[in-house]
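> Sequence first, predicted model second:
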Amino acid sequence: MRRIARALCISEILLLCVIILSGCSTKDVIDNKSTNVNVSSDEMVLNNIDIERNLDPFEYMLRSYKEGDSYITSKEQIELKANDENGKKYSFIYNGEMYTAIYTKDNWQIKNSYKIKNKKDITLICQALIDIHPVHGKDLKSYRTAEDMMDEWVIHNIAYDYLPEGNSWKAHARDVDLNPADQGKSLKEMYEDRLNK
């Protein structure tokens, strides 16, 4: 059963890569609004190879990330506050919406993190979080920076944006977990890690 699920995930990723390399966005394909409908898949791929020569699908996804608008200029603007006496559950406000951040040892989980798209804003939010509870780096000696946590968050956002509805991986990408294990991993490395679980 696990092999079948893995094969389905791989086929979804491969389909996604074909869509991306063909020049269509997933929204175009879903809405059936692609302007290249009369062009064969092979022709679309060849046309895009000229544009993005030697660019693997994971790198393409990173480069095509659509960054959202910025809503904050300082970490204080999110009004991060503890919601319990143990200092484990926090809330903050971003763009008029309340978010939950849960801290466990060396891990921050941000619920519905996929909604926050702006890299500068994500960095400010991460800085606010690690000012309260720092998270160790992969070596368990150093500490993660707001910038490298932002990179991981963006990778989760990309996964959430590209995976189809109903995919179990999409559900996991909805909330980012910022912990030592994923520090510095690329989109491809995270994909391969999840594939081998």
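Happy to help now that I have it.

> Centre-most residue in the protein?
Nearest to the mean C-alpha position of the chain, by Cα atoms, centre = their mean, lies H156 at 1.8 Å.

> give me every residue that touches it.
Neighbouring residues of H156 by Cβ atoms under 8 Å, 6 or more residues apart in numbering: S113, Y114, A173, V176. In this view, the C-beta of every residue, glycine as well, is placed from N, C-alpha and C.

> among the residues you listed, which two are most distant?
S113 and A173 (8.8 Å; Cβ to Cβ).

> Now do the shared contacts for these two.
What both S113 and A173 touch, as defined by Cβ under 8 Å, 6+ apart, is the set H156, N157.

> between the contacts of H156, which is closest to T100?
S113 (10.0 Å).

> Give me the neighbour count for that closest one.
Neighbour count for S113, taken as other Cβ atoms under 10 Å: 23.

> Is it in contact with H172, as I believe?
No: at 11.5 Å, S113 does not count as touching H172 under the criterion of Cβ atoms under 8 Å.

> give me every residue that touches the closest residue in space to N157 that isn't next to it in sequence.
Closest residue to N157 apart from its sequence neighbours, by Cβ to Cβ, 6 or more residues apart in numbering: Y114 at 5.4 Å. Contacts for Y114 (Cβ under 8 Å, 6+ apart) come out as H156, N157, Y160, D161, A173, R174, D175.
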